[in-house]
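>>> generate a structure from the sequence data that follows.
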Amino acid sequence: MGEYRFCPQCATALAWIAQQEDGGEKQRLRCPACNWTHWNNPTPVLAAVVQYQDRILLARNAAWTHKMYALITGFMEAGETPQDGIVREIEEETSLRALSVDLIGVYDFQRMNQVIIAYHAVCEGEVKLSPELVDYRLFAYEQLRCWPAGTGYALADWLRSRGLEPQFMEPVRPPEEK
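Numbering: from 1, shown residues only. The predicted model follows:
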């Protein structure tokens, strides 16, 4: 979602306005006419370390320009629990059925203004990817390489819970501007 520029209630241009809140003074995008506030709270995102045929399934999103494979992720729907949401996302994106789902942990992903709720899911069935995904690969546990952000930390914690020391890949850095 893009940055708010106008008030959704009265269409006045928003401004950065400081106001006293429970935790002290806080500057937020606010409407100077009707006092509407854009809270900009983090969005909950669900993620799954999908265990399938005694390996971990990582998938590549169709929208990604790089060739990275990652955990199955998605947004919660109104009215569902995080656990029900990740079961739904796994089925929607891979056609797999989750036999068990256990919480790994909750992870901060400030770059995307998200909070990631990560699960380990043991799954069965036949993989059929949704149009959202273009490819998947199955990795032996010791082949996995964690990325130093959001869901990569969840994967690392899951590996540690299995007695394996996670290996991290180097962060991808954009080429330096000249």
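
>>> can I see the domain layout of the protein?
1-40, 43-168 (automatic domain parsing).

>>> deepest of those, which one?
domain 43-168 (a mean of 16; mean count of other CB atoms under 10 Å). The way it works is simple: take the backbone N, C-alpha and C, and place the C-beta from them, glycine included.

>>> let me see the mean pLDDT of it.
For domain 43-168, mean pLDDT is 96.

>>> how far does that domain sit from its chain's centre?
9 Å (CA atoms, centre = their mean, to the nearest Å).

>>> quick one: end-to-end length of it, please.
With CA to CA, to the nearest Å as the measure, domain 43-168 spans 26 Å from end to end.

>>> spatially nearest residue to I86, not counting backbone neighbours?
L46 (4.4 Å; CB to CB, 6 or more residues apart in numbering).

>>> what of R5?
L14 (6.2 Å).

>>> list the contacts for the residue nearest to I86?
With contact taken as CB atoms under 8 Å, 6 or more residues apart in numbering, L46 is in contact with 73-76, 82, 85-86, 89, 116-119.

>>> which stretches in the protein count as strands?
For the chain, strands defined by DSSP state E occupy the ranges 15-21, 24-30, 37-38, 43-52, 55-61, 72-75, 97-109, 114-124, 133-139, 145-146, 167-168.

>>> would JSON lines of those with distance to D157 be doable?
Converted to JSON lines, these look like this (distance: least, CB to CB, whole Å):
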{"stretch": "strand 15-21", "distance to D157": "33"}
{"stretch": "strand 24-30", "distance to D157": "32"}
{"stretch": "strand 37-38", "distance to D157": "33"}
{"stretch": "strand 43-52", "distance to D157": "9"}
{"stretch": "strand 55-61", "distance to D157": "13"}
{"stretch": "strand 72-75", "distance to D157": "16"}
{"stretch": "strand 97-109", "distance to D157": "6"}
{"stretch": "strand 114-124", "distance to D157": "8"}
{"stretch": "strand 133-139", "distance to D157": "16"}
{"stretch": "strand 145-146", "distance to D157": "9"}
{"stretch": "strand 167-168", "distance to D157": "12"}
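
>>> quick one: closest of these to Q9.
Between Q9 and the strands of the chain, the tightest spacing by CB to CB is seen for strand 37-38, at 10.6 Å.

>>> need the residues that contact that closest one.
By CB under 8 Å, 6+ apart, the residues outside strand 37-38 that reach it are 4, 14, 19, 28-31.

>>> can you rerun that using 6 Å?
For strand 37-38, the surrounding residues in contact (CB atoms under 6 Å, 6 or more residues apart in numbering) are 4, 28-30.

>>> how close does the nearest residue in space to A62 that is not next to it in sequence get to W64?
In space, and not counting its chain neighbours, A62 is closest to V134: 4.7 Å by CB to CB, 6+ apart. Remark: distance between V134 and W64 (CB to CB, to the nearest Å) = 8 Å.

>>> many thanks, we can stop here.
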